[in-house]
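**Student:** Need coordinates for the following:
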Amino acid sequence: MQKIPHIELNEICYQLGEGSPKSIKQVFGGDIHESWQIEFKNAKFFLKRNAREGRFLEFEKSCLNNLQKYLNYENLIVPKIISYLEVNNVELLLLEWIDMKNSDQEKLGRGLGEMHIESNKFNQPNFGYPIHGFIGTTNQIKGWEKDWIKCFINLRIEPQLAILEKDFLEIDIKNKIKSKIESVLLDHEPMKSLVHGDLWSGNIGVTLMNKGVIFDPASWWADCEVDIAMTRLFGNFRNEFYQNYHKIIPIKKGSERRTIIYNFYHILNHANMFGGSYCHQVQSYIRNILSM
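**Tutor:** Predicted structure coming up:
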């Protein structure tokens, strides 16, 4: 079992004003960061540690802080940030510990819809995000575009296409894909919201009080449909999640086609990170998009 380096643990205890922890348990479930549950006499915390190049946890801190501004805490929460530290070029993000259970997703769906609506009221003038970020281990570049189509193509699709091996897709195919995406999105009026950005079943939960929880975000200002699209990519979201979300934000015409287009971003990213079967899925998505 991986241990927290002594110098880092001392710094955490100093920041909290605590003595030695009562217990430290490594938490498994992701391959990007190391993580632990740290328990003191009167409180438990969740620690994430990043020793990679790139400020992954600083980006996560920014996302969590921004998402918190638009939540209805009766229905949806994100983990509260206790502390962000850097020790010898290692990032440490200390969060509140949240106990979760396998329960219905009614409040999760309702709370996500409320978050999208409330952030839309902020009237953010542009699509994008102000700081450099990550989607998995891949760069999610910063920047702003006033036009949604330009944002999605220039800041999300093109950077992923550029990472693919040169022989994987010919330039004319790439251009056809971008042209088709533009034509499909032209007749769509996006609802600009702050989105979670990486909303799959591994990044959500339900508290013991039945509130929804979202964590490990890769946020940006986007069409709110990108979050709902990703929930359908790997499954495990329940009917009550969608029913309660769409009571807040009704389904718009053409959402099925846009789901494929928005998830193309994540399939490209998985192909770039893992290769293998995801490369075949990229080809399948391309065929579907070009046939729209």
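**Student:** ok, so what distance separates Asn244 from Gly212?
**Tutor:** 10 Å (C-beta to C-beta, to the nearest Å). (Each C-beta comes from the backbone N, C-alpha and C, glycine too.)
**Student:** Pull up the overlap in contacts between those two.
**Tutor:** 105, 107-110 (C-beta atoms under 8 Å, 6 or more residues apart in numbering).
**Student:** Is Leu112 in contact with Asp227, as I believe?
**Tutor:** Yes. When contacts are counted by C-beta atoms under 8 Å, Leu112 is listed as touching Asp227 (6.7 Å).
**Student:** Mind listing the shared neighbours of the two?
**Tutor:** 196, 199.
**Student:** Domains in this structure, by residue range?
**Tutor:** 6-57+79-97, 101-290 (automatic domain parsing).
**Student:** can you give me the offset of the shortest one from its chain's centre?
**Tutor:** Counting by C-alpha atoms, centre = their mean, to the nearest Å, domain 6-57+79-97 is centred 20 Å from the centre of its parent chain.
**Student:** and Ser20, how many neighbours does it have?
**Tutor:** If you count neighbours by other C-beta atoms under 10 Å, Ser20 ends up with 9.
**Student:** oh sorry, the question was meant for His6
**Tutor:** Neighbour count of His6, defined by other C-beta under 10 Å: 8.
**Student:** how much space between it and Gly143?
**Tutor:** Using C-beta to C-beta, we find His6 at a distance of 40 Å from Gly143.
**Student:** Same question for Glu165.
**Tutor:** 25 Å.
**Student:** who has more neighbours, those two?
**Tutor:** The neighbour comparison of Glu165 against Gly143 (other C-beta under 10 Å) goes to Gly143, with 14 against 10.
**Student:** Next up, the contacts around the more buried one.
**Tutor:** Neighbours of Gly143 in contact, by C-beta under 8 Å, 6+ apart: 128-129, 154-155.
**Student:** Nearest residue to the most centrally placed residue in the chain in space, ignoring adjacent ones along the chain?
**Tutor:** Closest to where the C-alpha atoms of the chain average out (C-alpha atoms, centre = their mean) is Asp198, at 2.6 Å. Leaving aside its sequence neighbours, Asp198 sits nearest to Ala218 (C-beta to C-beta, 6 or more residues apart in numbering; 4.2 Å).
**Student:** Surely that neighbour forms part of a helix?
**Tutor:** No. Counting by DSSP: H, G, I helix; E, B strand; the rest coil, Ala218 is not part of a helix but coil.
**Student:** ok, it - contacts?
**Tutor:** By C-beta under 8 Å, 6+ apart, the contact list for Ala218 reads 59, 63, 133-135, 140, 196-198.
**Student:** Which members of the residues you listed occur in strands, if any?
**Tutor:** Judged by DSSP state E, the subset of the contacts of Ala218 located in strands is 133-135, 140.
**Student:** which residues touch the residue of the chain positioned farthest from its centre?
**Tutor:** Farthest-out residue of the chain from its mean C-alpha position, per C-alpha atoms, centre = their mean: Gly19, at 34.2 Å. Going by C-beta under 8 Å, 6+ apart, Gly19 touches 13, 40.
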